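Trainee: fold the following and give me the result.
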Amino acid sequence: TVRKLHNLITVSGMEESHKDYLLSLVNKSNQSNDSNKPVNIYYGTNENAELSNLALRPFTTTDGTKYYSVEHYYQTNKTGSFNERVYNNPSWAKGGIKIQGGKVKTDNGYNITLMKEGITLSFEQNPEALQTLLATGDRPLTHRQDTSIWGRKFPELLMEVREELAYEQAKQLINTLSKQ
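Mentor: Here you go, the predicted structure:
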C-alpha cells in the first residue's frame, strides 16, 4: 500500500509542495510504533467490533436492496439465491447477530466473493467506519476466535478492501490537489 501511494503521488501532476506534504504523511503513518502489532476483530468480545461483519453498518446494493450489516447481506445471499425469510428477520436491526441462511454455495469461490462484496459496499457507504478501517494502516488484521474458514479469510478480505479503498481515496485526493 505504501509503495503504491508513493508511486501515485510521485507521478501526479500536482504542485511539488503538495507532493512533499502527502509523501510526508504517508511516511509518517508507516512509521507507527505499532505498525506490526495485529488488530484482532471479534464482535463477541468487543475487539474492534465496529470492523466486524456483524456490526451495524447499513448499506444499499445497486439493485436498491438495503442491508443492516455485512452478515445480513451474506446470510441472505449465501445459497446463491435471495432468502426472503432471512432477509426480513427484524432481529438484523439490532446488530451483532447471525441468522443462518441455509447451505452456503462455495462453487468458484462464490461465498468468498459475496463476503468481499458486502465488506466493500459497507465501507464505501459508511465513511466513519472506513476511516476506522484505514486507521489500522498496514497492520495485520486477525479474527482469532473464529476457527472456521472465516478465521483466516475474513481478515484477509478486510485487508484487501482496506488497501483498495485507501488507494481509491488517495487517487481522489491527488486528483483534487492536481486541479488546484
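Trainee: where does pLDDT dip in this protein?
Mentor: 1-2, 6, 11-14, 18-19, 21-35, 180 (pLDDT under 70).
Trainee: that one: helices as residue ranges?
Mentor: Listed in chain order, the helices found in the chain under DSSP state H are 2-11, 16-30, 70-77, 84-87, 110-124, 127-134, 150-178.
Trainee: give me the angle between the third one and helix 110-124.
Mentor: Counting by axes from the mean of the first three to the mean of the last three Cα atoms, to 10 degrees, helix 70-77 lies at 140 degrees to helix 110-124.
Trainee: relative to helix 150-178, how tilted is helix 70-77?
Mentor: 120 degrees.
Trainee: can you list contacts of helix 70-77?
Mentor: Residues from elsewhere that reach helix 70-77 (Cβ atoms under 8 Å, 6 or more residues apart in numbering): 53-55, 57, 59, 61, 67, 82-83, 86-87, 92, 97-101, 111, 114-115, 117-119, 121-122. C-betas here are computed from N, CA, C, even on glycine.
Trainee: C-alpha coordinates for that helix, CSV please?
Mentor: The C-alpha trace of helix 70-77 is given here as CSV (Å, rounded to 0.1, in the frame of the first residue of the first chain):
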residue,chain,number,x,y,z
VAL,A,70,-22.3,-7.4,6.0
GLU,A,71,-23.6,-10.5,7.8
HIS,A,72,-27.2,-9.7,6.9
TYR,A,73,-26.1,-9.4,3.2
TYR,A,74,-24.0,-12.6,3.4
GLN,A,75,-26.6,-14.8,5.1
THR,A,76,-29.4,-13.5,2.9
ASN,A,77,-27.5,-14.4,-0.3
